[in-house]
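Colleague: Quick one: sequence plus predicted model below, questions after.
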Amino acid sequence: MFIVFEGVDAVGKTTVARLLANRLGGGTYYATPPSSFLAERERVDLSASPDDHYRFYLHGIHQASREIWALLASGKTVVGDRYWASTYVYHEVMGAAVAERDFDHIVLPDLTVLLSVTSEEQALRFEQRGMSAGDRRMFNDQVQLARAFRKFFTIRPTRLVAIDTTYLAPAEVVAQVVAEAIT
């Protein structure tokens with residue numbers, strides 16, 4: 001099974017995805033962009049044009065898809081921390097020339113979990129964890145991003161669970177995802 005966590009920054013994607021992978025016993029946590037892209041990521045986040053930024057992350061999704069496919073083919077359950085929806089939505093908000101056909105032929109998730117949080121709680125979480133270059137680049141666009149995620153999933157058929165993490169502990173979010181994944 002391939003489960004992906006999507007949503008704006010500081011909603012708990014990384015924390016919950018890691019917890020779920022551990023809870024599943026044999027689950028493999030997988031963050032995008034792939035580790036081979038991390039050396040270049042900060043430079044891209046700091047200075048690339050929206051279209052160059054998009055091309056970098058799009059290439060990362062295609063590489064991630066190949067790696068995820070290999071994990072799935074070996075019998076692993078993969079728990080993703082961002083995937084193609086984040087790449088599409090973030091770059092659409094940035095003003096890049098995004099196209100759904102750019103994501104043809106990638107492995108698609110069996111379940112997508114869209115996490116959300118109130119603006120006030122998000123601000124507290126940013127304060128607690130700090131912000132990456134990517135977070136700073138999109139900091140003023142968080143409300144627009146949240147709307148764009150909702151729109152994205154409204155018009156695309158996918159198995160989706162939406163969870164507001166504002167008042168939930170990470171273990172409670174995992175329990176909801178596990179309950180949904182089993183049904």
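Modeller: Received it, and whenever you're ready, just let me know what you need.
Colleague: State the distance from the residue of the chain positioned farthest from its centre to residue 67.
Modeller: Using C-alpha atoms, centre = their mean, the residue of the chain lying farthest from its centre is residue 74. It sits 22.9 Å away. For residue 74, the distance to residue 67 equals 11 Å [C-beta to C-beta, to the nearest Å]. (Each C-beta comes from the backbone N, C-alpha and C, glycine too.)
Colleague: cool, residue 10 as well?
Modeller: 26 Å.
Colleague: Tell me which of those two has more neighbours.
Modeller: The residue with more neighbours, out of residue 10 and residue 67, is residue 10; 22 against 17, by other C-beta atoms under 10 Å.
Colleague: Now do the same contact list for residue 33.
Modeller: 41, 56, 57, 60, 61, 63, 64 (C-beta atoms under 8 Å, 6 or more residues apart in numbering).
Colleague: Report the separation between the fourth one and residue 137.
Modeller: As defined by C-beta to C-beta, residue 60 lies at a distance of 16 Å from residue 137.
Colleague: One more: the last one?
Modeller: Here residue 64 is placed at a distance of 20 Å from residue 137 (C-beta to C-beta).
Colleague: Looking at these two, which one has more neighbours?
Modeller: residue 64 (27 against 19).
Colleague: Can you name the next helix or strand after the helix or strand harbouring the more buried one?
Modeller: Using DSSP states H and E, residue 64 sits within helix 50-73. Per DSSP H and E, the first helix or strand lying C-terminal to helix 50-73 is strand 77-81.
Colleague: Run through the neighbouring helices and strands of that following strand.
Modeller: Applying 3 or more C-beta pairs under 8 Å, 6 or more residues apart in numbering; DSSP states H and E, we find strand 77-81 packed against strand 2-6, helix 13-23, strand 27-31, helix 50-73.
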